[in-house]
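A.B. asks: build me a structure from this.
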Amino acid sequence: MTVATQELRIVPERELYPPIDPYDTTTIDVGDGQRIYVEQCGNPSGKPAIFLHGGPGGGGGTERRRFFDPERYRIVVLDQRGCGASTPHVAQARTPEEMASNTTWKLVADLEKVRAVLGIEKWQVFGGSWGSCLALAYAQTHPETVSELVLRGIFTLRQSELDWYYNGGAAAVFPELWQRYCEPLRAAGHDGSRDNISAYFDLLWDPDPAIHGPAAVAWSTWEAATTSLVLDDTHVSEFADPHYALAFARIENHYFVNHGFMAEGQLIRNAGRLAAIPTTIVQGRYDMCCPATSAYDLKQALPSADLRMVLAGHSAFEPLIASELVKVCDEYADL
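C.D. replies: So this is what the prediction gives:
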């Protein structure tokens with residue numbers, strides 16, 4: 001475990017690679033009436049790597065391409081079910097029953113479908129936050145297809161992790177932002193008899209836009225405002241977009257009320273299945289969304305993993321985290 005040397009660095013050693021455009025974009029039919037948007041960037045003959053976005057519901061985005069050397073990597077970025085450019089978009093859904101085919105294991109199967117369609121034998125799997133959760137679920141199911149794991153801001157959907165962030169733990173650090181998160185709950189008369197995640201479920205699926213709209217923005221901007229050591233107003237504004245916020249909040253909440261469609265502690269308990277896969281974990285010491293305890297627990301369950309603690313919060317784009325992720329991908333590029 002690399003701790004002191006990483007945390008003593010306060011100046012990034014690396015920057016993201018320059019912006020690039022895809023050389024290929026497509027949508028892939030994965031069944032259940034779902035089409036997944038997939039793009040490829042970089043070198044078509046390079047080392048395959050799949051970027052798994054967070055949320056769930058966050059979408060891929062253009063900046064995610066920039067952690068990888070485009071001369072050496074074949075970079076695959078997709079939008080998971082229901083968000084981004086994938087269809088149907090969850091913001092258009094009218095009932096939670098329309099989310100029935102959006103589960104962790106459906107997403108794992110989608111990744112296998114994408115890999116097969118693209119003709120990739122093995123790929124590096126890169127995921128942060130929810131993306132780390134999906135990466136672990138995928139790699140534990142299909143270890144033979146994973147060349148390396150690059151994980152950031154570990155989230156394994158244990159109840160303790162959900163309680164920390166959505167039921168009051170992080171409120172001790174961000175009391176003023178917590179009040180904004182709780183405002184729709186108070187307006188609806190939530191008395192605390194249920195946890196906040198369950199109470200938000202009712203608000204997000206209320207048919208009245210005057211109820212589900214503000215609830216979605218409050219849910220989404222709570223996350224956007226707490227992901228970095230320094231508040232990023234631009235990031236918060238992006239998450240406040242009503243169309244984006246509704247899909248993001250509904251998908252996240254759907255997964256959380258269903259405990260990720262996994263047994264409690266499953267991903268940590270099964271981490272030994274990954275022992276043969278080179279794995280690096282980049283974790284912000286002051287990550288308020290996904291506290292370092294989960295990264296530490298994963299390291300304990302997977303001793304072969306390289307855990308790198310950095311002086312940062314949660315976002316992949318905080319300078320020290322981005323620097324470390326670029327370094328890791330460079331280290332793996334020629335393996």
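A.B. asks: find the centremost residue of this structure, please.
C.D. replies: Among the residues of the chain, G54 comes closest to the average C-alpha position under CA atoms, centre = their mean, at 1.8 Å.
A.B. asks: and the gap between G82 and Y37?
C.D. replies: 11 Å (CB to CB, to the nearest Å). Where C-beta positions appear, they are placed from N, C-alpha and C, glycine not excepted.
A.B. asks: these two - which one has more neighbours?
C.D. replies: Higher neighbour count among G82 and Y37: G82, with 28 against 19, using other CB atoms under 10 Å.
A.B. asks: could you list every residue that touches that one?
C.D. replies: Contacts for G82 (CB atoms under 8 Å, 6 or more residues apart in numbering) come out as Q34, G57, P88, H89, V90, A93, M99, N102, A247, I251.
A.B. asks: can I get the buried part of the residues you listed as one ChimeraX selection?
C.D. replies: A single ChimeraX command selects the buried members of the contacts of G82 (16 or more other CB atoms under 10 Å):
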select :34,57,89,90,93,99,102,247,251
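A.B. asks: so L151: helix, strand or coil?
C.D. replies: At L151 the chain is in strand, as set by DSSP: H, G, I helix; E, B strand; the rest coil.
A.B. asks: assumed L307 was part of a helix.
C.D. replies: No - using three-state DSSP, the secondary structure at L307 is strand, not a helix.
A.B. asks: touching, it and I281? I think so.
C.D. replies: Yes - the criterion here is CB atoms under 8 Å, and L307 meets it with I281 at 4.6 Å.
A.B. asks: between these two, which is the more surrounded one?
C.D. replies: Set side by side, L307 and I281 show more neighbours around I281, with 26 against 23, by other CB under 10 Å.
A.B. asks: quick one, strands of this structure?
C.D. replies: Under the criterion DSSP state E, strands of the chain are mapped to 24-31, 34-42, 47-52, 73-78, 123-129, 146-154, 279-284, 306-310.
A.B. asks: nearest residue to E324 other than its sequence neighbours?
C.D. replies: V282 (4.7 Å; CB to CB, 6 or more residues apart in numbering).
A.B. asks: and the gap between that neighbour and R74?
C.D. replies: Applying CB to CB to V282 and R74 gives a distance of 22 Å.
A.B. asks: the two: who's more crowded?
C.D. replies: Higher neighbour count among V282 and R74: V282, with 29 against 22, using other CB under 10 Å.
A.B. asks: and that one, bridged to which residues?
C.D. replies: Judged by DSSP bridges, the bridge partners of V282 are R152, R308.
A.B. asks: that one and I10, how far apart?
C.D. replies: For V282, the distance to I10 - CB to CB - is 16 Å.
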